[in-house]
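In: Sequence first, predicted coordinates after that:
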Amino acid sequence: MTLDRRNFIKLLGGASGLALAGHAAAQGKAPAVSAGSAAEIMPKGSARRVVVIGGGYGGTIAAKYLRMLDKSIEVVLIERNKEFVSCPFSNFYIAGLMPDMKALTIKYDKLAANHGIKMLHADATAIDAAAKMVVTSQGRLAYDRLIVSPGIDFMTDEIEGYDARTPEIFPHAWKAGPQSALLRKQLQAMKDGGTVVIGVPLMPFRCPPGPYERACLISSYLKKHKPKSKLIMLDANPDVVSKKGLFTKAWNSYYKDIFTYVGGQITKVDTKAKIVVADNFDDYEVAVANVIPPQRAGNIAVAAGLTDDKKRWCPVDAISFESTIHKDIHVLGDATLLPSDGGAMPKSGYSANSQAKVCAINIVALMNDKPTTELSAINACYSAVSETESVSVSHVFKVVNGKIKITASAVSPADFSIAKTEKAYGESWLKNVLTEMST
Amino acid sequence: MKRKWSRWSLAAGALALSATAFAQTPAQTPPTPEMISFACAGCHGTNGGSAGLLMPSLASQSKESIVDAMKKFQSGERTSTIMGRLAKGFTEADFEAMGEFFSKQKFHATNQKLDKAKVKKGAELQEANCSRCHLEDGKEGKDDTPVMASQWLPYLQMQMEMYLTGERKMPEQMAEKVKPLSREELDALLHFYASVK
């Protein structure tokens, strides 16, 4: 039943153009998006041009490495915001362990200046794959190759009562920024003795260990500041989907009096009565509800018809991450569906970073009529289990017969013997990865 | 539209290889040093220049030192957290490719707030004790000796702590030199290396 429901996806709100494109795609046709009458901006000169949509973990790195590898290629990075706030580590902020989001926030000016990347702060609303044009809120612009690194958007139709205003009451905090601030504020304003619910969607979703880390850090906050409170995790998955042994150990040893893990998918929300209903036949009266809805590729990818027949993720090859639907368009990060043999790349910031480099290397090869290079990539994720301890998961990826294969995968030792060290390493990771994205 | 992999075509028989498959997908080369090493930057910084206080810079390390470290991480001879687990996913040829890449990167100079008196004392100690292997004030190393210069002080202190507790094995020549030195002297040495640009 759940699987059927997962397949039935209707597009969430948004501009009518997006909804139309979504419907066209739902009928199995490539959407007839045309660049239309929007005025052309940044007319292309004689230089070859790659346009990158999305200045997150994938897009910034793709733009930077393209320029590092071939200065003769013009790179335009389209990003609607002036700042980027990292999802990794935002749970520390939510749980009151960071004073503000400064350590999570980067700007684009240095990156652009250091590498000669042209920034365009605009909303990308459509892609005309035939005319090789991106339509933005500022006008349309031409590309030779396009990289779409759009992150995720939510599929909320399966949740009864969920509308555009629901996240203002029941924050998802699954895109860092104002949503993280709201969840933190709600937790701090909550009276001791309240019930907090975290709703985990079915896989695949952005950052598989993220909800479980959040459970640890919010439990830790409650234990310290509001010890009569309860935290219930409603997990739509049959079991904990990441670092299970490690998270379970933390819950059992540190947060037993606060935290309960329950199987169940949130099917209904009532923001007025402050109730969430799960398919385990239970209703939960909540003081704070962190409802993380099911996810799909970011709106622009769906609008451009880059998603598969389930309208969820973007199928790409494992060479340059080129879309198997639209030629000369490459997709990175959370939004991708990669051919894999026995294990997909997790939808993580590190994966997006690593993919972006593979993509840049091979786009440069393709644009210069040179042979492409086989993928070699890494994922490394640190998750906090307490204020002072973190655990990690790591993967190495290679390609065999066109499919991604994991050549090594492991998690931290179960006894938390190195967890304090890994907490410190995690901080160094954040510093390095954000520096890499912003300079 | 569906594109073909040259490898599939090759597997199906070179004679059957169609001209269009060739035109669409040129042959792929195995992972290059860049392909393998770019992925390390998520933790070690772009081109191996680290901004994280506990992560070593790999830029300008000798090929020997990179290969030696990775082999020891892989075998478990050198204790680690995540590095040994990742090393298991790579081959010795991959380690050589990493060495090839990072040894060609420009030395990564850092700006750190350091105690000047310790730096001065460390400079004298380095000259008298360590300079036969840690060449050019630690900017280079003999054989597989790593580059120490400009590494972050917290990283250097953490590694020294691991040496002293026996968690990381000191090379014999190093152990001889370290043994007579006091904690303060060792810390001064690390301050000196961190200061070298």
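Out: The structure has been received and is ready for your questions.

In: just the helices in chain B please.
Out: For chain B, the helices defined by DSSP state H cover B:6-12, B:19-24, B:33-38, B:41-44, B:63-75, B:83-87, B:92-103, B:116-125, B:153-165, B:172-178, B:183-195.

In: Looking at these, which one is packed in the most?
Out: Among the helices of chain B, ranked by average contacts under mean count of other CB atoms under 10 Å in any protein chain shown, first place goes to helix B:41-44 (a mean of 25). To be clear about C-beta, it is placed using only N, CA and C from the backbone, and glycine gets the same treatment.

In: how far does that helix sit from the chain's center?
Out: Its chain's C-alpha centre and that of helix B:41-44 lie 11 Å apart, by CA atoms, centre = their mean, to the nearest Å.

In: Give me the packing partners of the helix or strand hosting residue A:284, helices and strands only.
Out: For residue A:284, the host element (DSSP states H and E) is strand A:283-285. Judged by 3 or more CB pairs under 8 Å, 6 or more residues apart in numbering or on different chains; DSSP states H and E, the packing partners of strand A:283-285 are strand A:195-200, strand A:275-278.

In: out of the ones you listed, nearest to chain B?
Out: In terms of CB to the nearest CB, the element of those nearest to chain B is strand A:195-200, at 25.1 Å.

In: Counting neighbours, what do you get for residue A:309?
Out: 10 (other CB atoms under 10 Å in any protein chain shown).

In: and it, how far is that from residue A:295?
Out: 17 Å (CB to CB, to the nearest Å).

In: that older thread, export the helices of chain B to TSV and tack on mean pLDDT and distance to chain A?
Out: Below are those laid out as TSV (pLDDT from 0 to 100; distance: least, CB to the nearest CB, whole Å):
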stretch	mean pLDDT	distance to chain A
helix B:6-12	40	7
helix B:19-24	43	10
helix B:33-38	98	4
helix B:41-44	97	5
helix B:63-75	98	10
helix B:83-87	98	4
helix B:92-103	98	7
helix B:116-125	98	22
helix B:153-165	97	8
helix B:172-178	96	22
helix B:183-195	98	15
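
In: Looking at those, which is nearest to residue A:427?
Out: helix B:153-165 (10.4 Å; CB to CB).

In: Give me the angle between that closest one and helix B:183-195.
Out: 140 degrees (axes from the mean of the first three to the mean of the last three CA atoms, to 10 degrees).

In: residues in contact with helix B:153-165?
Out: Here helix B:153-165 makes contact (CB atoms under 8 Å, 6 or more residues apart in numbering or on different chains) with B:50, B:53-56, B:79, B:112, B:114, B:148, B:168-170, B:174, B:178, B:186-187, B:190-191, B:193-194.

In: these two touch, right, residue B:79 and residue A:421?
Out: No: when contacts are counted by CB atoms under 8 Å, residue B:79 is not listed as touching residue A:421 (10.3 Å).

In: Looking at those two, which is more packed in?
Out: residue A:421 (18 against 15).

In: For my notes, confirm that one occurs in a strand.
Out: No: Residue A:421 sits outside any strand when classified using DSSP: H, G, I helix; E, B strand; the rest coil, being helix.

In: who touches the residue nearest to it when sequence neighbours are not counted in this structure?
Out: Of all residues not flanking residue A:421 in the chain, residue B:81 sits nearest, at 5.8 Å (CB to CB, 6 or more residues apart in numbering or on different chains). For residue B:81, the contact set (CB under 8 Å, 6+ apart) comprises A:392, A:412, A:418, A:421-422, A:425.

In: give me that answer again for 7 Å
Out: For residue B:81, the contact set (CB atoms under 7 Å, 6 or more residues apart in numbering or on different chains) comprises A:392, A:418, A:421-422, A:425.

In: What of residue A:142?
Out: Listed by CB under 7 Å, 6+ apart, the contact partners of residue A:142 are A:44, A:49, A:132-133.

In: From residue A:119, how far off is it?
Out: Residue A:142 sits 17 Å away from residue A:119, going by CB to CB.

In: For the closest residue to residue A:341 other than its chain neighbours, give its distance to residue B:174.
Out: Of all residues not flanking residue A:341 in the chain, residue A:403 sits nearest, at 3.9 Å (CB to CB, 6+ apart). Going from residue A:403 to residue B:174 by CB to CB gives 45 Å.

In: how about the residue nearest to the spatial centre of chain B, what does it touch?
Out: In chain B, the residue lying closest to the centroid (CA atoms, centre = their mean) is residue B:58, at 3.8 Å. Listed by CB under 7 Å, 6+ apart, the contact partners of residue B:58 are B:40, B:44, B:48, B:66, B:102.

In: which pair in those spans the largest distance?
Out: The largest separation in the contacts of residue B:58, counting by CB to CB, is between B:44 and B:66 at 11.0 Å.

In: how's chain B carved up into domains?
Out: Chain B is divided into the following domains under automatic domain parsing: B:33-103, B:116-195.

In: Can you give me the end-to-end span of the first one?
Out: Across domain B:33-103, the terminal residues are separated by 11 Å (CA to CA, to the nearest Å).

In: can you check stretch A:217-233 too?
Out: 13 Å.

In: if I look at the residue lying closest to residue A:191 once chain neighbours are set aside, how far off is residue A:182?
Out: Computed as CB to CB, 6+ apart, the closest residue to residue A:191 that is not its neighbour in sequence is residue A:287, at 7.1 Å. To residue A:182, residue A:287 is 14 Å away according to CB to CB.

In: likewise residue B:56?
Out: 39 Å.

In: what's the answer for residue A:134, then?
Out: In terms of CB to CB, residue A:134 sits 31 Å off from residue A:182.

In: Comparing those two, which shows the higher neighbour count?
Out: residue A:134 (30 against 20).

In: Strand partners (parallel or antiparallel) of the one helix or strand that one maps to?
Out: Per DSSP H and E: residue A:134 is located in strand A:133-136. Paired strands of strand A:133-136, with direction, are strand A:124-128 (antiparallel), strand A:139-142 (antiparallel) (DSSP bridges).

In: Can I get the helix or strand that comes right after the shortest one in CSV? Just the C-alpha atoms.
Out: It stands for strand A:139-142. Next along the chain after strand A:139-142, taking DSSP H and E as the criterion, comes strand A:145-148. What follows is strand A:145-148, C-alpha atoms only, in CSV (Å, rounded to 0.1, in the frame of the first residue of the first chain):
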residue,chain,number,x,y,z
ARG,A,145,25.9,22.3,-21.2
LEU,A,146,23.7,22.7,-18.2
ILE,A,147,24.3,21.3,-14.7
VAL,A,148,21.2,21.1,-12.5
